[in-house]
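A.B. asks: Build me a structure from this.
(2 chains)
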Amino acid sequence: MKQNVKSVVIVGVGGQGTLLASRVLGAAMLNQGYDVKMSEVHGMSQRGGSVVTYVRYGDNVYSPVIEQGEADVILAFELLEAGRYLPWLKKSGIIIANTQQIDPMPVITGAASYPEHLEKQIADKGAHLLAFDALKLAQQAGSVKAVNVVLLGAMAKQLDIDKQVCLDTIKATVPAKFIEMNEKAFVLGYNS
Amino acid sequence: MKQLLLGNEAVARGLYEAGVRVVSSYPGTPSTEITEAAAKFEEIYCEWAPNEKVAAEVAAGASIAGARSFCAMKHVGLNVAADLLYTISYTGVNGGMVIAVADDPGMHSSQNEQDSRHHAIASKVPMLEPSNSAECCSFTKLAYSLSEEYDTPVIIRLSTRISHSCSIVDTQDREQIDLKPYIKQPSKYVVLPAFARAKHPLVEERTKKLSQWAENCDINHMEDNHAKIGVIVSGAAYQYAKEALGDTVSYLKLGMVHPLPVDLIRNFANMVETVYVIEELDPIIETHCTQIGVKVIGKELFPICGELSQKLIKKLMLDQEDEVLSLDEPTPVRPPVMCCGCPHRGVFYELKKANVFVSGDIGCYTLGASAPLNAMDTCLCMGGSVSGLHGFNKARGAEGEKKSVAVIGDSTFMHSGITGLIDITYNKSNSVVIILDNSTTGMTGHQENPTTGKNIYNEPAAAVDLEALCKAVGVRRVTVVDPFNLKQVRTVLKEELAAEEPSVIIARRPCALLKTVKHNSPLFINPEKCVGCRACLGIGCPAISMKNNKAVIDDTQCVGCDVCVGLCGAKAIGKQEVVS
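C.D. replies: Residues are numbered from 1 along each chain as shown, chains lettered A, B, ... in the order given. So this is what the prediction gives:
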């Protein structure tokens, strides 16, 4: 309904650090003078479950949640989660996805199998998909834990978010000894 | 200053700005961050209480002493604190007292979907309901003025989408509120029947006055868009309605959900042709409208169960539904799981193997009910595992006692497990209670509790000695085990199930997510030794999966807890240099 409101869905697996990406995006958009709303899920679903965060910004944002068919951008920290949240994407929207695969418990126990060729399946549905191996870039930066910052970099590039605002927020959020590694991860993501 | 705050952080900001001095809460999703954020203001004394009843009583005591006071809890926490609530409604307050209660429509992290507005109505306490972070802050401040002006506690009702969404708050300075004098007034604060009888008519009178206030207050307001359709709405539903319907309808937005206005609603209804009531959970506003003779469309259209949303409103009111993209095959679900290195996992693995009835409780360890462990039979309410097991054993006698246990976390045991244990010893059942002591309140995000030796400020505090406590209530058999040592867990479990008296097993190891816990290097499965028997998958560790008929360990997840090592008959799991 609101044409000038942008809706970003950030999805991943509990523990991957999706909250940092949404907090940075929210702070950056507030800095740029937008009305901002974000919705997070805490508690039970953070324990290795599928997690989702919504970020919306524009002149005047009402609902803090994003529904199926409403997302301009989906940032997926894991490939299966990209597939799960495909219905949230607008027809003109883009999905930025990490190609890393993390088996959910039903796959581990053998009750279900991890879908094959997910990238192709998503692209075949007409979605604009930008998929890359963020885990590899995080390893390059110095730690597999920096996957979230690599993805944040990729999102910043796509949404044209001021690089310095992101780097400042990262600096303010992570412990001093990890700043350099995280900055490296951000730049690797930004240039991916 | 403009800040992006969580609804919960905005309530805490409101507490600061309102000059609140004392806060006592028990953690509960989605309310927890209010107290965590309040503790960052050095002007406010904050604490984690053992349970919500204690927290509310502390707030009541502080109010009587003359301070503005506060407590926060999740919806089911208000059931625990209800004993205090229904009576302090009669006594009223000295310093303003506010209770924040966070409902969880959609049950993101809860065991039921109760609507807290029923408590406001039944306890005859006014209730405000904000719809964004700015209102979380301003309504909190308003609640203190109302509390002191009308001599009543006030409830702020939140919901998951308000508590856990961020929006912009224009913050202000703290108001300097002096401690009010304390004057001894037994007729006000001692609820002997003779005193309480005199109070009840005053409570009824107060509700009438508050109803009058509700007719003209700023937080109940109309948005007249000269439309044929009018929508009465409050809380998160207001945002969904505005998103879905924009300016095509007129709104009556209610910031006070108890007591509800009469003339305001009638006047609004007269302005439009059709009135809809859009409210999450139960038909409270709708029932009120019907009672005052205003015809509305409510739950005949909108569901009672689950969350509302802009999409649902568009679908139900406008018959609009967007076409969506989706994959051809369904995606496998990804339920929450115990973390890698979780100390609870080994205990549930042994409980499953022992094939016992497991009386469960509320916390991360409720995940022991999920596949592949499937090692929990019941989970009802905080502390219910212990007393529930006693009842189970009283019904089934010795046959039950030899094949049943209760499992309860350290924080939940402090909350309300200890009373059940007293019942076990006092009324003697040969019950086995396992305290899963992970030195934290895990599920709500790692709060300290009375067993951890730290307070909310991370300062050293008295730590409850669980072994001594259990012994003090009459349990003679108290054993501590390391949950990473499966053989020890198995042996002790067998011994205690066989014992002819009550016993407590304390499975002690800190939560794997605590910053103080040092992890080992990841384990490795030698593909040449692995026979693909899947035995290691039975532990339900998210780091272990099958690739090409061999088990593999994801070294980005594994924390080297070694619990899986003993499950492998082929001796294929271990440190890479050992098994290669």
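A.B. asks: Please report how far A:Q101 lies from chain B.
C.D. replies: Counting by CB to the nearest CB, to the nearest Å, the gap from A:Q101 to chain B is 10 Å. All C-beta atoms are positioned from the backbone trio N, CA, C, and that covers glycine.
A.B. asks: who's in contact with that residue?
C.D. replies: Shown in contact with A:Q101 (CB atoms under 8 Å, 6 or more residues apart in numbering or on different chains): A:78-80, A:114.
A.B. asks: what kind of secondary structure is it in?
C.D. replies: coil (DSSP: H, G, I helix; E, B strand; the rest coil).
A.B. asks: if I've got this straight, A:F186 is in a helix?
C.D. replies: Yes: the assignment for A:F186 by three-state DSSP puts it in a helix.
A.B. asks: After the strand or helix carrying B:S359, which helix or strand is next? Please name it.
C.D. replies: Using DSSP states H and E, B:S359 sits in strand B:357-360. Next in sequence after strand B:357-360, counting helices and strands by DSSP H and E, comes strand B:378-379.
A.B. asks: Can you tell me what sits against that next one?
C.D. replies: B:111, B:358-362, B:366, B:369, B:384-385, B:388.
A.B. asks: can you do 6 Å?
C.D. replies: With contact meaning CB atoms under 6 Å, 6 or more residues apart in numbering or on different chains, strand B:378-379 is reached by B:359-360, B:366.
A.B. asks: How about stretch B:122-140?
C.D. replies: With CB under 6 Å, 6+ apart, stretch B:122-140 has contacts from B:5, B:7, B:10-11, B:13-14, B:85-86, B:89, B:120, B:143, B:153-157, B:167, B:169, B:203, B:207, B:210, B:234-235, B:238-239, B:255-258.
A.B. asks: in that stretch, what counts as buried?
C.D. replies: For stretch B:122-140, a neighbour-count test (16 or more other CB atoms under 10 Å in any protein chain shown) marks B:123-140 as buried.
A.B. asks: quick one: which of the contacts of strand B:378-379 is nearest A:V9?
C.D. replies: A:V9 has its nearest neighbour among the contacts of strand B:378-379 in B:T366, at 27.8 Å by CB to CB.
A.B. asks: which residues does the closest one contact?
C.D. replies: Residues near B:T366 by CB under 6 Å, 6+ apart: B:360, B:379.
A.B. asks: if I look at it, how far off is B:E401?
C.D. replies: Distance of B:T366 to B:E401, given as CB to CB, to the nearest Å: 23 Å.
A.B. asks: Give me the neighbour count for B:Y457.
C.D. replies: By other CB atoms under 10 Å in any protein chain shown, 14 other residues sit near B:Y457.
A.B. asks: Excluding sequence neighbours, find me the nearest residue to it.
C.D. replies: Leaving aside its sequence neighbours, B:Y457 sits nearest to B:A39 (CB to CB, 6 or more residues apart in numbering or on different chains; 6.5 Å).
A.B. asks: Up against chain A, what does chain B have?
C.D. replies: Counting by CB under 6 Å from any CB of the partner chain, the positions of chain B adjacent to chain A are B:4, B:29, B:108-109, B:161, B:164-167, B:239-240, B:242-243, B:246, B:309-311, B:322, B:324-327, B:329, B:331-332, B:334-337, B:371-372, B:537, B:542, B:545, B:556.
A.B. asks: What's the ChimeraX line that selects buried ones from these?
C.D. replies: In ChimeraX syntax, the buried subset of the residues of chain B next to chain A is picked out as below (16+ other CB under 10 Å):
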select /B:4,29,108,109,161,164,165,166,167,239,240,242,243,309,310,311,324,325,326,327,331,332,334,335,336,337,372,537,542,545,556
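A.B. asks: Among the residues of chain B next to chain A, name the ones in helices.
C.D. replies: Among these, the ones falling in helices (DSSP state H) are B:161, B:239-240, B:242-243, B:310-311.
A.B. asks: Just put those in a markdown table and tack on pLDDT.
C.D. replies: Listed next are those as a markdown table, based on pLDDT from 0 to 100:
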| residue | pLDDT |
| --- | --- |
| B:R161 | 96 |
| B:Q239 | 98 |
| B:Y240 | 98 |
| B:K242 | 98 |
| B:E243 | 96 |
| B:Q310 | 96 |
| B:K311 | 95 |
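A.B. asks: Residue 18: neighbour count?
C.D. replies: Here I'm looking at chain A. 27.
A.B. asks: should've been chain B
C.D. replies: 22.
A.B. asks: Who are the contact partners of it?
C.D. replies: B:141, B:144.
A.B. asks: Distance check, it against A:A27.
C.D. replies: Distance of B:A18 to A:A27, computed by CB to CB: 26 Å.
A.B. asks: tell me which parts of chain A are close to chain B?
C.D. replies: Proximity of chain A to chain B (CB under 6 Å from any CB) is limited to residues A:1, A:26, A:30, A:36-45, A:47-50, A:62-64, A:67-69, A:83-84, A:86-87, A:89, A:103-109, A:112, A:115, A:121, A:125, A:144.
A.B. asks: and the residues you listed, which are buried?
C.D. replies: Looks like the residues of chain A next to chain B have A:26, A:30, A:36-45, A:47-50, A:62-64, A:67-69, A:83-84, A:86-87, A:89, A:103-109, A:112, A:115, A:121, A:125, A:144 buried, using 16+ other CB under 10 Å.
A.B. asks: Just the ones in helices from those, please.
C.D. replies: Using DSSP H, these in helices are A:26, A:30, A:83-84, A:105-108, A:121.
A.B. asks: Would you write a PyMOL line that selects the buried entries of the contacts of stretch B:122-140?
C.D. replies: Command for PyMOL that selects the buried part of the contacts of stretch B:122-140, burial taken from 16+ other CB under 10 Å:
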select buried, chain B and resi 5+7+10+11+13+14+85+89+120+143+153+154+155+156+157+167+169+203+207+210+234+235+238+239+255+256+257+258
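A.B. asks: So for the residue most central in space within chain A, what's the pLDDT?
C.D. replies: Note on chain A: the residue nearest the mean C-alpha position is A:L75, at 3.2 Å, using CA atoms, centre = their mean. Looking at A:L75, its pLDDT is 97.
A.B. asks: tell me the SS of it?
C.D. replies: Applying three-state DSSP: A:L75 is strand.
A.B. asks: From B:L179, how far out is the closest residue to B:R157 other than its chain neighbours?
C.D. replies: Counting by CB to CB, 6+ apart, B:R157 lies nearest to B:E129, which is 4.5 Å off, once chain neighbours are set aside. From B:E129 across to B:L179, the span is 30 Å (CB to CB).
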